[in-house]
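In: starting from these lines, generate the structure:
(chains A and B)
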2 protein chains.
Amino acid sequence: MNLKTNFTPGPSQLYFTVEDHVRTAFREGIPSISHRSKQYEAIYKKAVDGLRSLLGLPSNYHVLFTGSANEIWERIVQNLVEEKSLHFVNGSFSKRFFEIAQLLNKKPEKIEVAMGLGFDSSVVVPAGIELLGVTHNETSSGVSLPLEFIYNLRKQHPDTLIAVDAVSSLPFPDFDYTKVDSVFFSVQKGFGLPAGLGVWLINDRCIAKAEQLLSKGISIGSFHSIPSLYSHAIKNQNPETPNVLGIYLLAQVVDDMVRRGITAIRKETEYKAAILYQALESHGAIKPFVKDKTFRSQTVIVADCGEQTESITKLLQQNGMQPGDGYGSFKKTQLRFANFPTHSKEQYELLVDTLAASRG
Amino acid sequence: MNLKTNFTPGPSQLYFTVEDHVRTAFREGIPSISHRSKQYEAIYKKAVDGLRSLLGLPSNYHVLFTGSANEIWERIVQNLVEEKSLHFVNGSFSKRFFEIAQLLNKKPEKIEVAMGLGFDSSVVVPAGIELLGVTHNETSSGVSLPLEFIYNLRKQHPDTLIAVDAVSSLPFPDFDYTKVDSVFFSVQKGFGLPAGLGVWLINDRCIAKAEQLLSKGISIGSFHSIPSLYSHAIKNQNPETPNVLGIYLLAQVVDDMVRRGITAIRKETEYKAAILYQALESHGAIKPFVKDKTFRSQTVIVADCGEQTESITKLLQQNGMQPGDGYGSFKKTQLRFANFPTHSKEQYELLVDTLAASRG
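Out: Numbers count the residues shown, from 1 in each chain, chains lettered A, B, ... in the order given. Next up is the predicted model:
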């Protein structure tokens, strides 16, 4: 089988060290160790310590594991919202977060703009909102919200919890974690790992809120409620038998990224994004979908290809590259390109050169 | 690292073909394929078709995937119980199922006996129970409920849903699926796969019940509600980005088991259980924990080792075998032995011979 460079934004290409780590895992019997053993606790701790170091997490932050980011949407609503959350909706994933709050019989509100757009910093948050759901990087449209937009929400609403969906942006963004309360991602995007694991970062305010709901007699779920997850996390354990291999691989890849240096990873990401946006701007027939540069994602770059979508896809495939389809109704007119730490400068340069060659 | 034969009842030893399948998966790029691709749908279908064939599932049964069996406990309660479930509690896992119903603010009842015991067929189920939670194989104590006990519940209460926890018994038991409504397991036990995947079998009555709760305005969860899981399952998809590698490996191992033949697997399981129980009966210093032969599990065999627990553990380890610890308060006086399809006759014969050599 001829394996192409995979630019789909999730699951994306594996981080280049993953296969070696899998081999080591099997050699050491990791996939069948007990999740209550000291050996497992050491793996759990390595993953958590690595993430703390890579992302610069403050000590009042805790790292929890779930099965997916979908599950984290649900757990956030269950554990942190008694009645009202407000969601900034500008694409399919931010909308899904809002819908999950509806399905859990809460009374969520939303501020919605069209796909491809961001939000104005003058947005007005109504009274009585307990949690703001912010999608840092909308994977469906390639819109990323500036960090200052998020921090400004904190300044305006210091008592409201802020949960940030960073599924397709971390480890790129350099969040000031003191200005939000929860950040989450899944491992099959920027971390380049096999899917099947969600990572949920929460601060002490989230624990307090979950306990407050519980004390009111509100169900906050069972094995994956914040109190259950947290009481196991401080022992480097999970409530259930977890995806042990997934957590092992996360620990190893995060360690690789720490050694490579987060600053280098961020700089490379910016370089790759810059040359691709430049190529799209100067192409003529195709162009960036997101018009306002303030909102252009560095990690998921969406190209409006119109009638050339099919021919450009073929050209890229002929050159060993697999672009991601446009999302939903944009499937036949857009292409999406993940710009994750595993995508090398060389791969991006080949992508850009190939796009340039497609000019009329 | 010296890898021992792992008899702990979960995660247990990997099925002997798993490592080869992982190698193939990486060669074919499976860990990074899109979960919305035709290639993934084919993998999903292979896993489901294989399970239908291996277990003999009727056509009104559906196969759903979650992150763990813990999650299935929660989803069963959310989707199938408006108010009252009844749980047969005889150990830590059956108790946990009951507790999860409490945490979800339902009003569960329980019929409880001590660890090591089963239930009398004359048990009386109170009125108004919507779902019976039955743990076919209590992993903590090595008690297995006879299939006739379960079928008798159906005969007595034809309108009540029956959910069977077969986490540590499948694929061994030859269930008559027409006499229950839901059966579930996780892949790291009898199927010998890396942990991180729960498999939830439901029939059409479960779908109807979930829809009935939903029509009453009761929240049945979000992405992993039965309607959401089922509407994706019929397209060979999952609502979220799933554990693609886990589902691929399940498909492969189930295929291996189908080719080996479920009858052969069941006969071997019975043979291995018979020789181990025989060795425990005739040992003198150690004995089976479950006294009543009617309730002795064929797949998780628990030995009462008293003061010899440590010395027998050491002896087994010296001979390349790792027994499972006793559960909870029995940690220092019992040993547990998984008897899963991956454990060979030869491994069981060595286990039995080594135990015989430990006789005073």
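
In: which ones are touching the closest residue to A:A357 other than its chain neighbours?
Out: Using C-beta to C-beta, 6 or more residues apart in numbering or on different chains and skipping residues adjacent in sequence, the residue nearest A:A357 is A:L315, 7.6 Å away. Backbone N, C-alpha and C define where each C-beta goes, glycine included. Applying C-beta atoms under 8 Å, 6 or more residues apart in numbering or on different chains to A:L315 gives the contacts A:354, A:357-358.

In: how about A:V187?
Out: A:V187 neighbours (C-beta under 8 Å, 6+ apart): A:193-199, A:246, A:249-250.

In: could you redo the last one with a cut-off of 6 Å?
Out: A:193, A:197, A:250 (C-beta atoms under 6 Å, 6 or more residues apart in numbering or on different chains).

In: over to A:L117?
Out: If you count contacts by C-beta under 6 Å, 6+ apart, then A:L117 has A:N90 around it.

In: could you look up the SS state of it?
Out: coil (DSSP: H, G, I helix; E, B strand; the rest coil).

In: cool, the one 3 residues further on as well?
Out: When states are read from three-state DSSP, the local structure at A:D120 comes out as coil.

In: ramachandran coordinates for it?
Out: Dihedral pair for A:D120: phi -80, psi 140, per degrees, to the nearest 10.

In: quick one: A:E138 from chain B, how far?
Out: The gap separating A:E138 from chain B is 16 Å, by C-beta to the nearest C-beta, to the nearest Å.

In: state the phi and psi torsions of the residue nearest to that residue when sequence neighbours are not counted.
Out: Among residues not flanking A:E138 along the chain, A:G91 sits closest, at 3.8 Å (C-beta to C-beta, 6+ apart). A:G91 adopts backbone torsions of phi 170, psi -180, taken as degrees, to the nearest 10.

In: nearest residue to A:S186 other than its sequence neighbours?
Out: Closest to A:S186 by C-beta to C-beta, 6+ apart is A:A69, at 4.1 Å.

In: would you confirm that that neighbour contacts A:L197?
Out: No - using C-beta atoms under 6 Å, A:A69 is not in contact with A:L197; the gap is 9.4 Å.

In: need the contact list for the residue most central in space within chain A.
Out: With distances taken as C-alpha atoms, centre = their mean, A:V167 lies nearest the centre of chain A, 1.1 Å away. A:V167 sits next to A:69, A:185-186 when contact means C-beta under 6 Å, 6+ apart.

In: now do it, the pLDDT please.
Out: Listed pLDDT for A:V167 reads 97.

In: again, but for the one 5 residues further on
Out: Confidence at A:F172, expressed as pLDDT, is 98.

In: number of residues surrounding A:H232?
Out: Counted by other C-beta atoms under 10 Å in any protein chain shown, the residues lying close to A:H232 total 19.

In: cross the contacts of A:V167 against helices and list the overlap.
Out: A:A69 (DSSP state H).

In: burial of A:L3, as a residue count?
Out: 13.

In: for chain B, see how far away it is.
Out: For A:L3, the distance to chain B - C-beta to the nearest C-beta - is 5 Å.

In: can you confirm that residue is in a strand?
Out: No - judged by three-state DSSP, A:L3 forms no part of a strand; its state is coil.

In: any idea how far the residue nearest to A:E138 lies from A:G133?
Out: Using C-beta to C-beta, to the nearest Å, A:G91 is found at 13 Å from A:G133.

In: quick one: which of the two has more around it?
Out: Set A:G91 next to A:G133 and count neighbours by other C-beta under 10 Å: A:G133 wins out with 28 against 23.

In: where does the more buried one sit: helix, strand or coil?
Out: strand.

In: now the helices for chain A?
Out: Under DSSP H, chain A gives helices at A:18-27, A:38-55, A:69-80, A:92-103, A:147-156, A:204-215, A:226-233, A:244-260, A:262-281, A:309-318, A:345-357.

In: wait, does the shortest one contact chain B?
Out: Spelled out, it's helix A:226-233. No - applying C-beta under 6 Å from any C-beta of the partner chain, one finds helix A:226-233 separated from chain B by no less than 8.5 Å.

In: tilt between that helix and helix B:69-80?
Out: 170 degrees (axes from the mean of the first three to the mean of the last three C-alpha atoms, to 10 degrees).

In: the fifth one too?
Out: Using the same axes, to 10 degrees, the inter-axis angle of helix A:147-156 relative to helix B:69-80 is 60 degrees.

In: name the residues of helix A:147-156 that are buried.
Out: Across helix A:147-156, burial judged by 16 or more other C-beta atoms under 10 Å in any protein chain shown covers A:147, A:149-151, A:153-154.

In: what does it contact?
Out: With C-beta under 6 Å, 6+ apart as the criterion, helix A:147-156 contacts A:121, A:132, A:134, A:179.
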